[in-house]
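Return atomic coordinates for the entry below.
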Amino acid sequence: MQFDVTIFPKTLNSAADVARQVEALGFNGLWTAETSHNPFLPLTHAAGATSTINIGTGIAVAFARSPMVIANTAWDLAEQSQGRFILGLGTQIKAHVTKRFSSTWGVPVPQLREYIQSLRAIWDTWQNGTPLRYIGEHYRFTLMTPFFSPDPMPYANIPIYIAGVNEGLCKLAGELCQGFHVHPFHTTRYLKEVIIPSIQAGADKAGRKREDIKLTCMIFVVTGRDQQEITNNAIMTKSQIAFYASTPSYQAVLNLHGWGDLVERLNRLIRENRWTEMWQEISDEMLEQFAVVAPHDELPYRVQERYAGLLDRVGYYFPFEPHDSDKAIIWQAAAKAFQGA
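Below you'll find the predicted structure:
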């Protein structure tokens, strides 16, 4: 099992320094996310500042961009990093795609299938000179001239990871992708009974092995130097769990545990603008299912124990902040534990 971190550099000029620290500590990978900043630009700095770790998007919103735009960006990052780049894509939800990005929302799984196939077709054209002809329901690519084609390179087989919660995207990952970003809003039971069997079904359909698809996740953890810090952190984590639990498309996770009625209770609080009360709907039993709870020194070993055989790459669901003295001990403990493993 490998350990990765997610970075949210405050400025692009700080990204290289943060990436060097990630590599120096011995972590295996560095991810960026599409939140308040572009997810790709910090990786250009990280690629130039490191030599061994993987770098990747976890995730970039696919439908906000043409596959051709993503194909160019991923190609350049793969070449710059000498094959260490992982393209992580997600669908987001309809409201964000249509209202935040003003882009087109179709049927997510078929649309993302075509997106991935389009990327592979474009890269095949650039690498092998194959005439570009991809015609689907959502995407159509039939023109590529030498002027717009980058030169072939040794790293053209760019790994694609996709993110999801429900069976459809899991099956798609098993069929077409090299990895799957497991959503932090999961339980090990959901991993065992829904996610992994669905990935296996997709792999079987394509004649692939389940081991061909790497599972990665930035997991919820609750930790602290003493019980009071753990209690305080538990409230923050419960708040995040409650936010995700209010999303109807994630209800399948709750239904598996018999907690499906939680969605309506949380949405009632949202309608009443009672956001600060939502965490109280998450019981300690739920917290234990969604998060690893342990003191600093025990945390990485509890993570290994819970996810051995289930995840290939793990990280914590909070950003790597090397200058935060309160969190430095957490990163040092993780580095020590996973290097030893």
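
What are the buried residues along stretch 5-13?
Residues of stretch 5-13 classed as buried: Val5, Thr6, Ile7, Phe8, Pro9 (neighbour count, 16 or more other Cβ atoms under 10 Å). C-beta: built from backbone N, CA, C; applies to glycine.

and which of the residues you listed is nearest Leu256?
Using Cβ to Cβ, Thr6 comes nearest to Leu256 of the buried residues of stretch 5-13, at 26.4 Å.

all helices for the chain, in order.
15-24, 41-49, 67-80, 94-95, 108-128, 167-176, 188-190, 196-206, 227-245, 251-256, 262-271, 284-290, 299-307, 325-340 (DSSP state H).

Where among these is average confidence lowest?
Ranked by mean pLDDT, the helices of the chain end with helix 325-340 at the bottom, a mean of 86.

Pull out the buried residues from that one.
For helix 325-340, burial by neighbour count (16+ other Cβ under 10 Å) applies to Lys327, Ile330, Trp331, Ala333, Ala334, Ala335, Ala337, Phe338.

if we can go back for a sec, tabulate the buried residues of stretch 5-13 (CSV), appending pLDDT and distance to His257.
Converted to CSV, the buried residues of stretch 5-13 look like this (pLDDT from 0 to 100; distance: Cβ to Cβ, whole Å):
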residue, pLDDT, distance to His257
Val5, 96, 29
Thr6, 96, 27
Ile7, 94, 32
Phe8, 91, 31
Pro9, 87, 37
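
Which of those sits closest to Arg189?
Looking across the buried residues of stretch 5-13 and measuring by Cβ to Cβ, the closest to Arg189 is Thr6, at 24.8 Å.

Please name the nearest non-neighbouring residue to that closest one.
Using Cβ to Cβ, 6 or more residues apart in numbering and skipping residues adjacent in sequence, the residue nearest Thr6 is Trp31, 4.6 Å away.

Would you confirm that the one you found contacts Phe8?
No - taking contacts as Cβ atoms under 8 Å, Trp31 lies outside contact range of Phe8: 10.2 Å.

ok, back up a step: ok, the residue nearest to Thr6 - contacts?
Trp31 is in contact with Asp4, Val5, Thr6, Ile7, Ile55, Gly56, Thr57, Gly58, Gly88, Met218, Gly315, counting by Cβ atoms under 8 Å, 6 or more residues apart in numbering.

make it 7 Å
By Cβ atoms under 7 Å, 6 or more residues apart in numbering, the residues touching Trp31 are Asp4, Thr6, Gly56, Thr57, Gly58.

The residues you listed: which two are farthest apart?
Greatest spatial distance among the contacts of Trp31 (Cβ to Cβ): Asp4 and Thr57, at 12.3 Å.

between those two, which one's more packed in?
Thr57 (28 against 25; other Cβ atoms under 10 Å).

Residues in a beta bridge with the more buried one, which ones?
For Thr57, the beta-bridge assignment (DSSP bridges) gives partners Thr32.

Return the distance of it relative to Gln21.
Look at Thr57 and Gln21: by Cβ to Cβ, to the nearest Å, they are 20 Å apart.

again with Leu269
Applying Cβ to Cβ, the value for Leu269 to Gln21 is 39 Å.

on that earlier part again, which pLDDT value goes with the residue nearest to Thr6?
At Trp31, the pLDDT value in this model is 98.

Would you mind measuring from it to Pro146?
Remark: distance between Trp31 and Pro146 (Cβ to Cβ) = 35 Å.

One more: Glu281?
Distance from Glu281 to Pro146, by Cβ to Cβ: 59 Å.

The two - which one has more neighbours?
Using other Cβ under 10 Å as the criterion, Glu281 and Pro146 rank with Glu281 on top: 18 against 6.

Tell me if I'm right that that one and Ile241 touch.
No - with contact defined as Cβ atoms under 7 Å, Glu281 does not reach Ile241; the gap is 9.3 Å.

what about the nearest residue to Ser81 once chain neighbours are set aside, how many neighbours?
Leaving aside its chain neighbours, Ser81 sits nearest to Ala47 (4.0 Å; criterion: Cβ to Cβ, 6+ apart). If you count neighbours by other Cβ under 10 Å, Ala47 ends up with 24.

Please report phi then psi for the residue lying closest to Ile330 once chain neighbours are set aside.
Nearest non-adjacent residue to Ile330, counting by Cβ to Cβ, 6+ apart: His296, 5.6 Å away. Note on His296: backbone dihedrals following degrees, to the nearest 10 are phi -50, psi -50.

Would you agree His296 is in contact with Ile329?
Yes - using Cβ under 7 Å, His296 and Ile329 qualify as a contacting pair, with a distance of 5.3 Å.

Let me know the distance separating the residue nearest to Phe180 when sequence neighbours are not counted from Thr216.
Closest residue to Phe180 apart from its sequence neighbours, by Cβ to Cβ, 6+ apart: Ala173 at 4.1 Å. Ala173 sits 11 Å away from Thr216 when distances are taken as Cβ to Cβ.

Could you check which of these two has the larger neighbour count?
Remark: of Ala173 and Thr216, Ala173 carries more neighbours, 29 against 25, as counted by other Cβ under 10 Å.

what's near enough to touch that one?
Ile162, Phe180, Ile199, Gly202, Ile213 are the contacts of Ala173 under Cβ under 7 Å, 6+ apart.

Neighbours of Ala308, how many?
Other residues near Ala308 come to 10 when the count uses other Cβ under 10 Å.
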